[in-house]
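In: okay, sequence plus prediction incoming.
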Amino acid sequence: MQKKLPTIKEIARRLNVSASTVSRALHNHPSIGLRTKMQVQALAKELNYERNETAIFFQKGKTFTIGVVLPRFSEEFFSVAISGIEDFATKNKYQVLIGQSYDDMEREKQIVTTMKNSRIDGLIVSVAKNTSSFEHFENLRNYNIPVVFFDCIPDLPDQNSVSCNLQQGTMAGVDFLAEKGHKRIALINGPDQLQASAQRATAYLAGLKKNKIKEDAALMVRTDLSKESTYAAMEQLLQVKNPPTAIVAFNDYVALEAMQYARSRKLRINKDICFVSFAHLSVCNYLDNPPLASVEQFPYEQGYRAMELLYSIITDTENKHKPTQIVLESKLVPWGN
């Protein structure tokens, strides 16, 4: 038979005081005398009393818990971002629940529902690559659960988000390749539904124009971020009559898979074909031939600022908050520097 947990009423009965006196004593309220406070706290310790978090929720309207949903912990970008989220959360006495969508929309929906039912105070999300409907996020407004998106951000009105200036980074990448003499520069972009894909495409075309490089639609291809799709994108590019000598890849993972495919076609990396990508993953430090450069997107700062923004919304008791989009500056970093 399961042992019944001690309650405030049980402590009050044993000490012959009121339940409100016990509650105040446990919270070190100045109105309670030292002797009574010590008696209450000693008995609470003896009985292994624990606070009823559900009762605290109903009393304060908060659980002091936020949810985080992202594609995969195993990706370096997200593991670093989580550190930023948890650092700010811990400083402000918040707990963090984390769920992995594995880039699957249905799993993402299930995690959001579970977190909603756990009465989280707010949610931080990097959306799954195949998420095409965002009702599960918009529905949280009905429960007064604010959402802050970061990195992979859907195109929704009145959203709160933290991101990096990908247009700046993309143009810097095109400039970098153009300065090295490349005239056939391709783009392997990401899924249509991501803001980041549209931003990269716009900046890529602007970069070509700036460097007086003729635009060629055949050099703009997409990947759904799977290895198979990236291989198909590379095959498409290499079949062009005048194939590219350089490629701007959606991120370092896409670049690494594209480079692997290029090697299978006997192309020499950074000689026959060059790459610039995004994320600046540390694993590239261990490659003999990494991409020429990568755009640093500052995952720790993105995570920290996302939690900071969410906290400001949660603690806004006067409801003065307006939708906020925070954009951090990106930085093109040549590998080896």
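Out: Perfect, thanks for sending it.
In: where do the helices sit along the stretch 151-300 of the chain?
Out: Taking DSSP state H, counting those that start in this stretch, the helices of the stretch 151-300 of the chain run over residues 166-179, 195-210, 227-238, 252-264, 299-314.
In: need the helix or strand of the protein with the lowest average pLDDT.
Out: Across the helices and strands of the chain, mean confidence by mean pLDDT, DSSP states H and E is lowest for helix 53-60: a mean of 54.
In: buried ones in stretch 207-218?
Out: Using 16 or more other CB atoms under 10 Å as the test for burial, stretch 207-218 gives 207-208, 211, 213. In short, each C-beta sits where N, CA and C put it, glycine included.
In: try stretch 156-170
Out: Within stretch 156-170, the residues that count as buried by 16+ other CB under 10 Å are 156, 159-170.
In: so how far is Cys274 from Gly181?
Out: Distance, Gly181 to Cys274, by CB to CB, to the nearest Å: 10 Å.
In: of these two, who's got more company?
Out: Cys274 (21 against 8; other CB atoms under 10 Å).
In: ok, what's across the strand from the nearest residue to that one once chain neighbours are set aside?
Out: Among residues not flanking Cys274 along the chain, Ala246 sits closest, at 4.4 Å (CB to CB, 6 or more residues apart in numbering). In this entry, Ala246 is beta-bridged to Ile185, Cys274, by DSSP bridges.
In: and for Glu296?
Out: Beta-bridge partners, per DSSP bridges, of Glu296: Lys331.
In: neighbours of it, just the number please.
Out: 17.
In: model confidence score at the nearest residue to Glu50 once chain neighbours are set aside, please.
Out: Distances taken as CB to CB, 6+ apart place Leu5 nearest to Glu50, at 7.0 Å, with adjacent residues excluded. The model reports Leu5 with a pLDDT of 70.
In: circling back: the helix or strand that the least confident helix or strand of the chain is followed by to helix 299-314, inter-axis angle?
Out: Counting by DSSP states H and E, the next helix or strand C-terminal to helix 53-60 is strand 65-70. Strand 65-70 and helix 299-314 are oriented at 140 degrees to each other (axes from the mean of the first three to the mean of the last three CA atoms, to 10 degrees).
In: now do the strands in the stretch 51-200 of the chain.
Out: 65-70, 95-100, 122-125, 147-150, 160-164, 185-189 (DSSP state E, counting those that start in this stretch).
In: how about the buried residues of stretch 156-170, which pair is most distant?
Out: Asn160 and Thr170 (23.8 Å; CB to CB).
In: low-confidence regions, the protein specifically.
Out: Scanning the chain for pLDDT under 70 picks out 1-4, 51-61, 336-337.
In: again, only this time at 50
Out: Where the chain drops to pLDDT under 50, the residues are 1-2, 337.
In: still on that earlier bit, out of the strands of the stretch 51-200 of the chain, flag the one nearest Gln260.
Out: It's strand 185-189; of those, that one is closest to Gln260 (CB to CB) at 13.1 Å.
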